[in-house]
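1. Provide a 3D model corresponding to the input given below.
(one chain, ligands or ions: 1)
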Amino acid sequence: MIISAGADHGGFELKDRLVSFLRERGVTVIDNGTNSPESVDYPDFAKAVACDILEKQADFGLLVCGSGIGISIAANRFRGIRAALVTNADYARLSRQHNNANVIAFGGRFTTFEDAKSWLEIFLSTGFEGGRHERRVAKLDKLDF
Ligand code: RB5
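-> Numbers count the residues shown, from 1 in each chain. Below you'll find the predicted structure:
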């Protein structure tokens, strides 16, 4: 499994700890930064992770900004990306089972490392249920205005 990770200055500390945690468990991680508290723009890191997934360089994405809101909004601008801002264990599970989410997003300023680690493990070990959800997820990529 290959995971592409990215964060802004509000999320890099949590992202860095999760990247280390994943690597210790033998997961290959592409770390797209940022890696310092210097102010940066979250859309740039959402884009890097989205491109890794859409170019099939990575299976899943991990994104963190201060709240998790901006970076998940940015990632969801890319057709084929389904980013879920996860704030509890049920959301981690449901985002996979019902939405086939391929990116998990956290708010670095509102999420402890222990919670994020546990929700990330749930996310990565839960499969998509398909069935009625398949039709709904397929419609996501056809939405247009
Ligand atoms: C940066 O200060 C902050 O706005 C950003 O990390 C994020 O919370 C945006 O949604």
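2. Please make it C-alpha for all contacts and neighbour counts, starting now.
-> Fine.
3. Wait, a helix at residue 30?
-> No: counting by DSSP: H, G, I helix; E, B strand; the rest coil, residue 30 is not found in a helix; it is strand.
4. Show the model's pLDDT score for it.
-> According to the prediction, residue 30 has pLDDT 98.
5. start the count at 59, not 1, going forward
-> Sure thing, new numbering starts at 59, so read that last one as residue 88.
6. roughly how far apart are it and the ligand?
-> Here residue 88 is placed at a distance of 20 Å from the ligand (CA to the nearest ligand atom, to the nearest Å).
7. can I assume that residue is in contact with residue 60?
-> Yes: the pair residue 88 and residue 60 qualifies as a contact (CA atoms under 8 Å) at a distance of 7.4 Å.
8. Mutual contacts of those two, please.
-> Listed contacts common to residue 88 and residue 60 are residue 116; contacts here mean CA atoms under 8 Å, 6 or more residues apart in numbering.
9. In which helix or strand does residue 119 reside?
-> If you go by DSSP states H and E, residue 119 is part of strand 118-123.
10. Run through the neighbouring helices and strands of the next helix or strand after that strand.
-> Sequence-wise, the next helix or strand downstream of strand 118-123 (DSSP H and E) is helix 127-133. Helix 127-133 sits against helix 100-112, strand 118-123, strand 141-143, strand 161-165, with contacts defined as 3 or more CA pairs under 8 Å, 6 or more residues apart in numbering; DSSP states H and E.
11. got a list of what the closest residue to residue 159 other than its chain neighbours touches?
-> Nearest non-adjacent residue to residue 159, counting by CA to CA, 6 or more residues apart in numbering: residue 140, 4.7 Å away. Taking CA under 8 Å, 6+ apart, we find residue 140 in contact with 133-134, 157-161.
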